[in-house]
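S.K.: sequence and predicted structure below; questions after.
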Amino acid sequence: MNLKDVSTAQLARIGFMAKRSRGNFIDGREVPALSGKTLPVIDPAVEMQIADAPDSDARDVAQAVASARRAFEDSDWTRMRPADRERALYRLSVLIEEHGDELSAMETLQSGKLQGVARMIDVGFSAEFVRYMAGWATKIEGQTLDSSIPFPPGSKYFTYTKREPVGVVGAIVPWNFPLAIALWKVAPALAVGCTVVLKPSPETPLTALRLAELALQAGIPAGVLNVVCGGAEAGAALSRHPGVDKLSFTGSTATGKAIGCAAVDNMTRFTLELGGKNPMIVLDDADPETAAMGAAMGIFFNQGQVCAASSRLYVQRKIYDKVLQRLAQLAEGMKIGSGFDAASQLGPLVSKRQFDRVMGFVDGAKAEGATVLTGGSRALDAGYFVQPTVFVDVNPGMRIVREEVFGPVLVAMPFDDVEDAIRQANDSPMGLTASVWSQNLSAVHRIVPRLKAGTVWVNTHNLLDANLPFGGFKQSGMGRDLGRTAVDSYTELKSVCMSI
Ligand code: NAD
């Protein structure tokens, strides 16, 4: 079977052919964009259109925000017993699992990712994460505090804080983990009683729309979760809308800055999860085989389209050649193909735009004098496939070392002195993640506090947990997703002072 037949068979299998033209999901109903405009959804493995979704503008966004506002003010959702909100979210997690086949096939069709990754992360982790956040619905708490207010003499006060839902949340998300990252925003927002307007990436709207249907099925009232599809125009309209109380964004640093500026204009609260150019530091006591496997996983997982990817590899000189030799061997042995082929280890990039961007970086690095250790070209004749690529002989000023590629492209550099590795690792405007590979506990404990990154892994890379906050230092963002910290970020803190 050729790749086109595989995609068509998968479309038929999930019964998707009948509903190729999708609408926005507003107030519990699917509606087209008011302009009637649409954007194609493309299967990047075969460059074939599989669906279309609305290309929304400010008027569609206004409708969705109005729906979320009505639901926030009038529906039962916000006033519901926390235990009932917990139950509804729990039902949603079960529905995500029950529809795991369909959702994971949709993710592979619209983004090209491997089925195994779609099942493990976009479905499995998502369902688990919704359950984790469901649990927080019943655990929101304030504090009672002792006060020292002296007026009028002899008076007494009871002072306490309480957390209340912030209101209408605008969630703007990227295409690399479409369902999972949407839920990083939606699940904590719903757990505390907020309502949401979700804007998925134009490349990957299908699972967000299916999520909204499943939420309704789980008993989450109409208007609580709205989905507006489209690109930058819809995203900008949502970030400027004065009816949005909190914006939660994951995407590129440039877009994040524009959203932050728009948010400040309205004093809208915001969380930004942005790009990364993440260092992996391997000390010379590490096992070269383990380090090479770790580096390969860290950069080639999801075709390198991972904000946390280990895209800068620093290896201490004594084991540099061994690690690089093995890494090149692993890269060359990777089977490249359709995400639906269980043997595939690397799928296509998400879009022509991303393919051109990644190949632009690769060609630019060659032109700047970097040496291709392995890869460096397109793979397969059709589809947006790029070979797993490792560059050596790079210097710290090169674009390939400084800028996020968001593809299966790694730069590797040897170091002699650990101090120098730390300095180079921190020599970046970004600060999302980093990892240290060594068996020397003292060395690790000395290095971890000095790395300017929101997450530091030791002898692993790219692992997330629902309970562990995730976000960036420096230009990698503001605020955190995941964990208790994220829950609090969808609340306002109210102080109450009662004269008794
Ligand atoms: P992007 O910034 O181009 O788009 C992200 C979202 O913002 C999309 O929904 C897009 O339609 C929307 N958008 C675009 N322009 C907008 C504007 N002017 N105003 C409002 N919204 C706008 O990013 P992308 O290409 O979709 O995703 C890749 C980027 O996301 C990478 O930089 C990656 O590092 C980052 N990312 C970060 C994390 C994290 O948690 N830190 C996770 C995944 C991806």
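M.R.: Thanks, I have it. Numbering: from 1, shown residues only.

S.K.: next to the ligand, which bits of the stretch 51-200 of the chain? Give me the list.
M.R.: I172, V173, P174, W175, N176, I181, K199 (Cβ under 6 Å from any ligand atom). Every residue, glycine included, has its C-beta placed from N, CA and C.

S.K.: where do the strands of the stretch 1-150 of the chain begin and end?
M.R.: Per DSSP state E, counting those that start in this stretch, the stretch 1-150 of the chain carries strands over the ranges 24-26, 29-31, 38-43, 48-54, 144-145.

S.K.: which elements pack onto the third one?
M.R.: For strand 38-43, the contact count by 3 or more Cβ pairs under 8 Å, 6 or more residues apart in numbering; DSSP states H and E identifies strand 48-54, helix 100-111 as packing neighbours.

S.K.: show me what counts as buried in the shortest one.
M.R.: Judged by neighbour count (16 or more other Cβ atoms under 10 Å), strand 48-54 contains these buried residues: M48, I50, A51, D52, A53, P54.

S.K.: including pLDDT and distance to Q316, could those residues go into CSV?
M.R.: Compiled in CSV, the buried residues of strand 48-54 are given as follows (pLDDT from 0 to 100; distance: Cβ to Cβ, whole Å):
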residue, pLDDT, distance to Q316
M48, 93, 47
I50, 94, 47
A51, 96, 49
D52, 97, 51
A53, 98, 49
P54, 98, 52
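
S.K.: redo the residues you listed as JSON lines? Include distance to L3.
M.R.: Formatted as JSON lines, the buried residues of strand 48-54 follow (distance: Cβ to Cβ, whole Å):
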{"residue": "M48", "distance to L3": "9"}
{"residue": "I50", "distance to L3": "13"}
{"residue": "A51", "distance to L3": "18"}
{"residue": "D52", "distance to L3": "21"}
{"residue": "A53", "distance to L3": "23"}
{"residue": "P54", "distance to L3": "28"}
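
S.K.: quick one on the thing from earlier: tabulate the helices and strands packed on strand 38-43 (a markdown table), appending distance to N426.
M.R.: Below are the helices and strands packed on strand 38-43 laid out as a markdown table (distance: least, Cβ to Cβ, whole Å):
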| stretch | distance to N426 |
| --- | --- |
| strand 48-54 | 41 |
| helix 100-111 | 32 |
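
S.K.: still on that earlier bit, out of the strands of the stretch 1-150 of the chain, which is closest to D74?
M.R.: strand 24-26 (15.6 Å; Cβ to Cβ).

S.K.: would you mind listing the buried residues in the closest one?
M.R.: Within strand 24-26, the residues that count as buried by 16+ other Cβ under 10 Å are N24, F25, I26.

S.K.: for the last one, give the beta-bridge partners.
M.R.: Beta bridges link I26 to R29 when assigned by DSSP bridges.

S.K.: ok, now how distant is the closest residue to the ligand within the chain from P54?
M.R.: Across the chain, the shortest distance to the ligand (Cβ to the nearest ligand atom) belongs to G235, at 2.1 Å. Separation of G235 from P54 (Cβ to Cβ, to the nearest Å): 13 Å.

S.K.: same check on P44?
M.R.: 21 Å.

S.K.: picking up where we left off before, okay if I get the residues of the stretch 51-200 of the chain next to the ligand as TSV plus pLDDT and secondary structure?
M.R.: Output for those, formatted as TSV (pLDDT from 0 to 100; DSSP: H, G, I helix; E, B strand; the rest coil):
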residue	pLDDT	secondary structure
I172	99	strand
V173	98	coil
P174	98	coil
W175	98	coil
N176	98	coil
I181	98	helix
K199	99	strand
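
S.K.: nearest to V390 among these?
M.R.: N176 (21.0 Å).

S.K.: contact partners for the closest one?
M.R.: By Cβ atoms under 8 Å, 6 or more residues apart in numbering, N176 lies in contact with S111, N302, Q305, V306, C307, V350, F406.

S.K.: can I get the residues you listed in CSV including secondary structure?
M.R.: CSV is the format used below for those (DSSP: H, G, I helix; E, B strand; the rest coil):
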residue, secondary structure
S111, helix
N302, helix
Q305, coil
V306, coil
C307, coil
V350, coil
F406, coil
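
S.K.: can you lay out those residues as CSV showing neighbour count and pLDDT?
M.R.: What follows is the contacts of N176, written out as CSV (neighbours: other Cβ atoms under 10 Å; pLDDT from 0 to 100):
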residue, neighbour count, pLDDT
S111, 33, 98
N302, 21, 98
Q305, 23, 98
V306, 22, 98
C307, 26, 98
V350, 27, 98
F406, 25, 98
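
S.K.: pick the one among those closest to A367.
M.R.: F406 (19.7 Å).

S.K.: and that closest one, how far from G275?
M.R.: 7 Å.

S.K.: so what sits against both of those two?
M.R.: Shared contacts of F406 and G275, defined by Cβ under 8 Å, 6+ apart, comprise C307.

S.K.: between the two ends of stretch 340-349, what distance do you get?
M.R.: 14 Å (Cα to Cα, to the nearest Å).

S.K.: I misspoke; the intended subject was stretch 44-58.
M.R.: 29 Å.

S.K.: I'd like the distance from it to the chain centre, please.
M.R.: How far stretch 44-58 lies from its chain's middle: 20 Å, per Cα atoms, centre = their mean, to the nearest Å.

S.K.: likewise for stretch 122-133?
M.R.: The answer for stretch 122-133 is 14 Å, by Cα atoms, centre = their mean.

S.K.: which residues touch F249?
M.R.: Contact partners of F249, counting by Cβ under 8 Å, 6+ apart, are A171, I172, V173, S239, T255, G256, I259, F270, T271, L272, E273.

S.K.: nearest to F16, of those residues?
M.R.: V173 (21.2 Å).

S.K.: pLDDT-wise, which helix or strand of the chain ranks last?
M.R.: helix 3-13 (a mean of 82; mean pLDDT, DSSP states H and E).

S.K.: counting contacts, what elements does that one pack onto?
M.R.: Using 3+ Cβ pairs under 8 Å, 6+ apart, helix 3-13 sits against strand 48-54, helix 100-111.

S.K.: dump the first one to CSV, restricted to CA.
M.R.: Once side chains and other backbone atoms are set aside, the C-alpha atoms of strand 48-54 remain, and they are given as CSV (Å, rounded to 0.1, in the frame of the first residue of the first chain):
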residue,chain,number,x,y,z
MET,A,48,-3.1,15.7,0.7
GLN,A,49,-6.0,17.8,2.1
ILE,A,50,-8.0,15.8,4.5
ALA,A,51,-10.4,18.4,5.9
ASP,A,52,-11.0,22.1,6.2
ALA,A,53,-11.8,24.3,9.2
PRO,A,54,-13.0,27.9,9.6
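
S.K.: helices or strands next to that strand in the packing?
M.R.: Contact here means 3+ Cβ pairs under 8 Å, 6+ apart; on that basis strand 48-54 packs against helix 3-13, strand 38-43, helix 100-111, helix 206-217.

S.K.: look up how far V306 lies from the most centrally placed residue in the chain.
M.R.: For the chain, I181 is the residue whose C-alpha lies nearest the centre (Cα atoms, centre = their mean; 4.2 Å). According to Cβ to Cβ, I181 stands 11 Å off from V306.
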